[in-house]
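Asker: for reference, the sequence and a predicted model appear below.
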2 protein chains.
Amino acid sequence: MSKNIPEKVSNRLTLYHSIMVEYIEAGIETISSPQIAQRLGIDDSQVRKDFKLLNNAGKCRVGYMVKDLKDSIEKTLGFSKTKDAFIVGSGHLGLALAKYDSFNSYGLNILALFDNDPQKIDIQVNNKQIFHISKLPNLVQRLGVELAILTVPRQSAQQVADFLIDSNIKYIWNFTPAVLKVPPTVKVWNENLMGSFLQFACKDIV
Amino acid sequence: MSKNIPEKVSNRLTLYHSIMVEYIEAGIETISSPQIAQRLGIDDSQVRKDFKLLNNAGKCRVGYMVKDLKDSIEKTLGFSKTKDAFIVGSGHLGLALAKYDSFNSYGLNILALFDNDPQKIDIQVNNKQIFHISKLPNLVQRLGVELAILTVPRQSAQQVADFLIDSNIKYIWNFTPAVLKVPPTVKVWNENLMGSFLQFACKDIV
DNA sequence: AATAAATCGTGATTTTTTTCTTGATTTGAT
DNA sequence: ATCAAATCAAGAAAAAAATCACGATTTATT
């Protein structure tokens, strides 16, 4: 099913997808590899190679069907497979993510938030409740949630991660700058905002 | 000065940096390439090659000085070069970023926020004021700001980006899923949170 | 109908990145 | 003092990714 798409390719697929959404809104039905390539500053044969991976044939002199491309990118990246998740850490970033409704259309369903600050407990954020972190293990089991979005301060990141792992969380989307130590059964995806910025700054601004 | 570090390398550098911070807090003074490699699930010669790029010599049987590594990573990634920035779009994400104090220690200095919603104007967020977007061109010029952090809805992203470019903004850190069309004089760094998640989901969860 | 231009598809080539290998060095143990 | 283990350094080899190149196809134009 999932044909083991390389990370570089799936990164480009998400960019192609954004362009498809834009073209559909503009009512344009076909798109060519040179158009996309120019937009992204990459080689057009690169684009065609990627589409080949999607089993999406184009037509000479015309290009590809925007709708078909969008659908097959969504299929390949698993938009339709809904993933339930908890947000752990109800600081500003956690709240921002809880209120980010676009998650749903990409198949990410936030069920609840957690925090250890008693003042935050029972507040409703975008129809999602904030629970005390001690309630998490029970809810993980009852709801069968496997994915946690970690937005606690760096200093407590590892400790909270350990707790999540004990609670049977299998996937951690890590928004903290900590490099988490986890057993091989648990997968971590690092979203290091500052690290990302520094790459930009280093590459382009400096 | 900036030796054109490949993106892959600077990505690893940010991860190494997090580990160095952790080791310093733990009071550990040296670290070896196999230790780091195991932690990140990569090859140890990879780590040494990266450190070679930093001109940071290690010592056989001992490893590298944590402090030295941290310093040279910071130097290479330009922590000390302070970059002033405006946040454009004062929704939840914009506010979360405005309140994220860690930015400062990485050399990113948020001066103000902007929005087009009259209700938000003049609110103070973490000692930074929210201005109406119409005030931006003047402030860009007066303060010499070149970097904008774009956190508006996708639908208005291109339009706002065009306005920023007209106002003489040179670098855009784009948190919207739109693929911005910009002239070659303007650099964009895409932080597509959903795209990032989909890569994770596609690779590990599906 | 013929020609030209745009585009796809794909194999070949080049470049970049990662991994492997070996030799030298340092430290701790016997 | 000698030996074994850990580690670095650096070149070689392998793997992965990006680019190039070119033939085939389609559409528009003359």
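Answerer: Looks like it came in fine. Residues are numbered from 1 along each chain as shown, chains lettered A, B, ... in the order given.

Asker: the longest strand seen in chain A pairs with which strands, parallel or anti?
Answerer: Assignment by DSSP state E gives strand A:108-115 as the longest strand of chain A. With DSSP bridges as the test, strand A:108-115 is paired with strand A:83-88 (parallel), strand A:128-132 (parallel).

Asker: in a markdown table: those strands, plus distance to DNA strand D, mean neighbour count and mean pLDDT.
Answerer: Where you see a C-beta, it was placed from the backbone N, CA and C, and this is true even at glycine. Formatted as a markdown table, these follow (distance: least, CB to the nearest atom of the strand, whole Å; neighbours: other CB atoms under 10 Å in any protein chain shown; pLDDT from 0 to 100):
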| stretch | distance to DNA strand D | mean neighbour count | mean pLDDT |
| --- | --- | --- | --- |
| strand A:83-88 | 24 | 22 | 97 |
| strand A:128-132 | 37 | 17 | 98 |
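
Asker: adding distance to residue A:31, write these out as JSON lines.
Answerer: Compiled in JSON lines, those are given as follows (distance: least, CB to CB, whole Å):
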{"stretch": "strand A:83-88", "distance to residue A:31": "29"}
{"stretch": "strand A:128-132", "distance to residue A:31": "37"}
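
Asker: and chain A, what are its domains?
Answerer: Per automatic domain parsing, the structural domains of chain A span A:7-76, A:83-196.

Asker: end-to-end on the last one?
Answerer: Start and end residues of domain A:83-196 are separated by 25 Å (CA to CA, to the nearest Å).

Asker: next: stretch A:190-203.
Answerer: End to end - CA to CA - stretch A:190-203 spans 20 Å.

Asker: mind listing residues that contact that stretch?
Answerer: Applying CB atoms under 8 Å, 6 or more residues apart in numbering or on different chains, the external contacts of stretch A:190-203 come out as A:173-175, A:177, A:179, B:2, B:5, B:7, B:10-11, B:14-15, B:17-18, B:76-79, B:81, B:83, B:100, B:102-103, B:106-108, B:171, B:173, B:187, B:189, B:191, B:193, B:196.

Asker: quick one: buried ones out of these?
Answerer: A:173-175, A:177, A:179, B:5, B:10-11, B:14-15, B:17-18, B:76-79, B:83, B:100, B:103, B:106-108, B:171, B:173, B:187, B:189, B:191, B:193, B:196 (16 or more other CB atoms under 10 Å in any protein chain shown).

Asker: which of those residues fall in helices?
Answerer: Residues of these located in helices (DSSP state H): B:10, B:11, B:14, B:15, B:17, B:18, B:76, B:77, B:103, B:193, B:196.

Asker: okay, strands next: where are they in chain A?
Answerer: A:30-31, A:64-65, A:83-88, A:108-115, A:124-125, A:128-132, A:147-150, A:171-174, A:187-190.

Asker: now those strands as TSV including distance to residue B:33?
Answerer: Listed next are the strands of chain A as TSV, based on distance: least, CB to CB, whole Å:
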stretch	distance to residue B:33
strand A:30-31	45
strand A:64-65	45
strand A:83-88	32
strand A:108-115	36
strand A:124-125	43
strand A:128-132	42
strand A:147-150	27
strand A:171-174	23
strand A:187-190	20
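
Asker: would you agree residue A:97 is in contact with residue A:108?
Answerer: No - applying CB atoms under 8 Å, one finds residue A:97 not in contact with residue A:108, separated by 9.5 Å.

Asker: most packed of the domains of chain A?
Answerer: domain A:83-196 (a mean of 18; mean count of other CB atoms under 10 Å in any protein chain shown).

Asker: pLDDT weak spots in chain A?
Answerer: A:1-3, A:206 (pLDDT under 70).

Asker: got the residues of chain A near DNA strand C?
Answerer: Contacts of chain A with DNA strand C, taken as CB under 7 Å from any atom of the strand, map to A:32-35, A:44-45, A:48-49, A:51-52, A:57-64.

Asker: of those, which are in range of DNA strand D?
Answerer: Within the residues of chain A next to DNA strand C, those near DNA strand D by CB under 7 Å from any atom of the strand are A:45, A:49, A:59, A:60, A:61, A:62.

Asker: look up how far residue A:29 lies from the third one.
Answerer: Put plainly, it is residue A:59. 12 Å (CB to CB, to the nearest Å).

Asker: equivalent analysis for residue A:102, please.
Answerer: 24 Å.

Asker: and what of residue A:91?
Answerer: 44 Å.

Asker: ramachandran coordinates for the residue of chain A most remote from its centre?
Answerer: Most distant from the centre of chain A: residue A:61, at 34.8 Å, with distances by CA atoms, centre = their mean. Dihedral pair for residue A:61: phi 70, psi 0, per degrees, to the nearest 10.
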